[in-house]
Every structure is written in structure tokens, then in C-alpha cells.
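K.L.:
Structure of the sequence below:
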Amino acid sequence: MSSPAQALEPWLDAQLERAVRGMLMSVSPLGIIKSRPGFGQTVRPHRGSVVASPVLADWDPEPDYFFHWFRDSAVVMDALRLLFESRHLHAEAVTHFADFVDFSLSLRELDGAALLAERSWRERCSTEFEKFLRSESDLASVRGEIVVAEARVNADATLDFSSWGRPQHDGAPMRALVVLRWTRAALLEPGLKVRVSELLRADLAFTASYWREPSYDIWEEEKGLHYYTLCVSAAALEEGARWLEGEGETELAQSYLREVRSIRDILEELWLPESGHYRSRVLSSGARSVKELDISVILAAIHADGDRPAHTVCDPRMHRTLARLEALFDAAYPINRSRPKGMAPAMGRYAGDVYFSGGAYYFSTLGAAEFCFRAACRCENAAAWSERGDAFLRTVRAYTPADGQMSEQFDQRTGEQSSARHLAWSYACFISCVAARRAAAGRT
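P.N.:
Model prediction:
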């Protein structure tokens, strides 16, 4: 384990290069062919796809993350934008973005009923894997605008016919937010602008139509209304309304702003004053979830990146939520006990997590760090916020191997990496965290 006293900058510079290389392995991974023998499936990725992990695993014991997740791919594209804006990457970043737009548009042609009519996909599936297939009625309903609620598709632009947590309604607003940011970051050629407009309109329309409907949370575990999904939906519709105003479509823009106000009313109801944190979910069953204190609330603030006082890094209630999460994981994880001065707690998702090590996540710990750096840019006590962010980064450095590889988790007991290797989201979070830190340095 590295010493907290060691300067962060040399490691940050070196790790940034490793994170960029690691993340780009998942972007248009054309040289990787994924075989799923149990499903009789061979996946040859299309240009513009973004796999969550390029590692060819089969739950033996590492998870198979060789899918294009709508949410994860948006996070990666946002990190690419930051690399373009900082001139770390140049024309290749815009090319990746253009390919991503084209791939995303192609997915609107997917049709579950057409897949069912083929029948050959089911015949190729081995008997012991049939229990993992989604129902035919579920698959038959997938077409058109609701494809984006699939959570994930195959990297060859085909539907995933395995059982999973569907629907998920965070993919469309996250993609809309990222595409809107790209329109401000780069001068897009006319043909790409037309395709961007088509994708944006579809994602905004989906968000406006479906935000009220229950969906699965970003961990794909519980169905209900979720703080994260609501927060990014409000941000996407608000930013989308500004874009539409610029396009001269005032009436549609105003209708989206009315939806934003309704969403924000619900977000206000998710504050739990007696507990001192935002409630991450309201389950469809009506039961209270043990996962109500959840790092996804912090991720919502940085992914939505709004400029209002509420539900952003400037919200004192968000500050209390982060403090509650720090206390939770500080007490829960053995690796946080007797941690050196200057290191913050390694952060997980929620209390009682049992997925793989049920432990610390890179994107959770980096998300907490990025939250602090963003707060340093916009709130009082900038220096204190920056030092708090550095404390989280020292923890990440302590549990990142010398070669810079970042998996999904590092074990809550041993600190060893676990779950999916080379997680694109982990690398993307590192990139966005460093960008936020550099922005904060200009103020402190």
C-alpha cells in the first residue's frame, strides 16, 4: 500500500494514461470475438459499440460483461468528451462519438418479435441454458422506442435474449445528456448533426414519456422509482429544452420543462430528514428497501451535473448523504479499519451488498472524490473540499496495482481486485475525476 504522504500528481498523471488506454479497449472492440456456447451465440462487435468490459469471461468466476450497456456506454462517451476538451485526444475522439451515434441509431431497428419468428436462436441454446432465457412475451414486446429500456444489447447490435433486470429508464436520459454535451464540445459536421438531432429527439421523447413508469435501478436489482433515474431524467429534459429553444421549438421545450417540474417535486419527497439522507428508491411493492442509503444518489449528482442548488453538489442535503455513506462504509469494510491519516474510506454501493466481494467499487470511491472536487468548484470552503477529494484518491491509489488495471471492485477484506476486470466505467470515472480535480485546482 502506498503512503498517503506521497504526492498524488505523479501517480495521477501516469494512471490517467493507463486509464485512457484501458477505457479505449472497450470502445469499438472490433478485434474481439465473444463466444457464448451455452446460448449458441457468437458476437462480433460493430463499430460504435462500447462493451462494459473487453475481458472474455463466462461467470467462471468473473462475470460476462461483454455487452453494450446504455448507461455505461454514455459514461464512457462523456469521458471521451472530457479527453477531447482537454486535448488529450483529438479527432479520434470525435470519430468514436460519431460511431457511437450511428450504432445507437441502428438499435432502434431491433425487433423482438422478428427474433422470435426466426426460432434458430432458441434451437442453438443448450438445454441447461434454457432457464436463463427471457420469456417470449417479454421479448416480443421489444421494438422501436422502448429498445433503449433494454438496459443492454449485444455489441453486434442484436438483442440480448437472456434474463435480466428490465426495463431500465436511465439509459435514454444519460445518453441525451452526453450527446448534448458533445454538441457544445465539438464542431460537428452537418451529416453528424442531423443524426445527433435524430438521436436526441428520440431519447428526450422516451424520457418524457417513461420517467413516471417503474423501472430497475442502476444496479439492476429492484423495481420502482429511483433517485438516480429521476435526477438524470430531469437534467436531460431541462438541457434538452434549452437545445430545443435554440432550434425554435418553443412549445415542445415548454412541455419538457413542465415534466422537469413534476420530477423535481418527486425528488424533494425523497429527502428523509429523520435519517439525514436522500432515499435512493421507492419500490413498486410498497416495501421499504434496505438499499435506501445508496451511492447512486451521489453518482446522480455528478452525472446530472445540474446548476441548481438542489440535488447537486451544492445541496447541503447531498452533503449529509455523502457523510452518511462515508460512515456506513467506514464501519462496514475491514480495509477501512485503521486506515492511515489522509485516506478516506473505500466506498461501496449500499449496506449488505453481496455481489462478488460485496465490497468497495472504484466508481463509488472515485464518484465520491469527483463529488468533492465539483463541490470545490462551486461551494464554499473550496480547499477543504479539494483535500477531501484527494483523501478518496489516495484510497484509490492504495488499491490500484502498479500496472494500473481497474476492475469493478476491490475486496472489502483484502483490497484485491474482484468482479469484472478492465471495467470501462472504472476507467471513465477516473478520467472524469481527474478532470474535476484539475478544474478545482484553478479555484483553490
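
K.L.:
And the helix or strand Ala376 falls within, what does it pack against?
P.N.:
Following DSSP states H and E, one finds Ala376 within helix 362-378. Contact here means 3 or more Cβ pairs under 8 Å, 6 or more residues apart in numbering; DSSP states H and E; on that basis helix 362-378 packs against helix 296-304, helix 316-332, helix 382-398, helix 424-441. No exception for glycine: its C-beta is placed from N, CA and C like everyone else's.

K.L.:
what about 10 Å?
P.N.:
Secondary-structure packing of helix 362-378 (3 or more Cβ pairs under 10 Å, 6 or more residues apart in numbering; DSSP states H and E): helix 296-304, helix 316-332, helix 382-398, strand 409-410, helix 424-441.

K.L.:
so of those, which one's packed in deepest?
P.N.:
With neighbours defined as mean count of other Cβ atoms under 10 Å, the helices and strands packed on helix 362-378 peak in mean count at strand 409-410, which reaches a mean of 28.

K.L.:
on contacts alone, who are the packing partners of the helix or strand following that one?
P.N.:
Sequence-wise, the next helix or strand downstream of strand 409-410 (DSSP H and E) is strand 417-418. On a contact count with 3+ Cβ pairs under 10 Å, 6+ apart, strand 417-418 meets strand 409-410.

K.L.:
Quickly run through the sheet partners of the strand it packs on, with directions.
P.N.:
Partners of strand 409-410 in the sheet, by DSSP bridges, are strand 360-361 (antiparallel), strand 417-418 (antiparallel).

K.L.:
what sits up against it?
P.N.:
Contacts with strand 409-410, where a contact means Cβ atoms under 10 Å, 6 or more residues apart in numbering, come from 333, 335, 346, 348-349, 353, 355-365, 395-396, 398-401, 416-420, 423, 426.

K.L.:
now swap in stretch 266-279 and tell me
P.N.:
The contact list for stretch 266-279 (Cβ under 10 Å, 6+ apart) reads 211-212, 225-227, 230-231, 233-234, 280-282, 288-289, 291-294, 296-298, 300-301, 310-311, 315, 317-318, 320-325, 328.

K.L.:
please redo it, this time with the cut-off set to 7 Å
P.N.:
227, 230-231, 292-293, 297, 311, 317, 320-321, 324 (Cβ atoms under 7 Å, 6 or more residues apart in numbering).

K.L.:
And that stretch, what's buried?
P.N.:
267, 270-271, 277-279 (16 or more other Cβ atoms under 10 Å).

K.L.:
what's the farthest-apart pair in these?
P.N.:
Across the buried residues of stretch 266-279, no pair lies farther apart than Leu267 and His277, at 13.4 Å, counting by Cβ to Cβ.

K.L.:
chain center to stretch 10-24, what's the gap?
P.N.:
19 Å (Cα atoms, centre = their mean, to the nearest Å).

K.L.:
What's the mean pLDDT across it?
P.N.:
Per-residue pLDDT over stretch 10-24 has a mean of 97.

K.L.:
What of stretch 215-234?
P.N.:
For stretch 215-234, mean pLDDT is 97.

K.L.:
What about the buried residues of stretch 266-279, which are in strands?
P.N.:
Among those, the members found in strands (DSSP state E) are 271, 277-278.

K.L.:
What is the end-to-end distance of stretch 336-347?
P.N.:
Length of stretch 336-347, first residue to last, Cα to Cα, to the nearest Å: 9 Å.

K.L.:
With stretch 353-366 instead?
P.N.:
End-to-end span of stretch 353-366 (Cα to Cα): 18 Å.

K.L.:
what's in contact with it?
P.N.:
With Cβ under 7 Å, 6+ apart as the test, stretch 353-366 has contacts from 295, 333, 335, 346-349, 392, 395-396, 406, 408-412, 418-419, 425-426, 429-430, 433.

K.L.:
ok, now stretch 388-397?
P.N.:
Identification of contacts with stretch 388-397 by Cβ under 7 Å, 6+ apart yields 2, 4, 8, 11, 342-344, 346, 362, 365-366, 368-369, 372-373, 376, 437.
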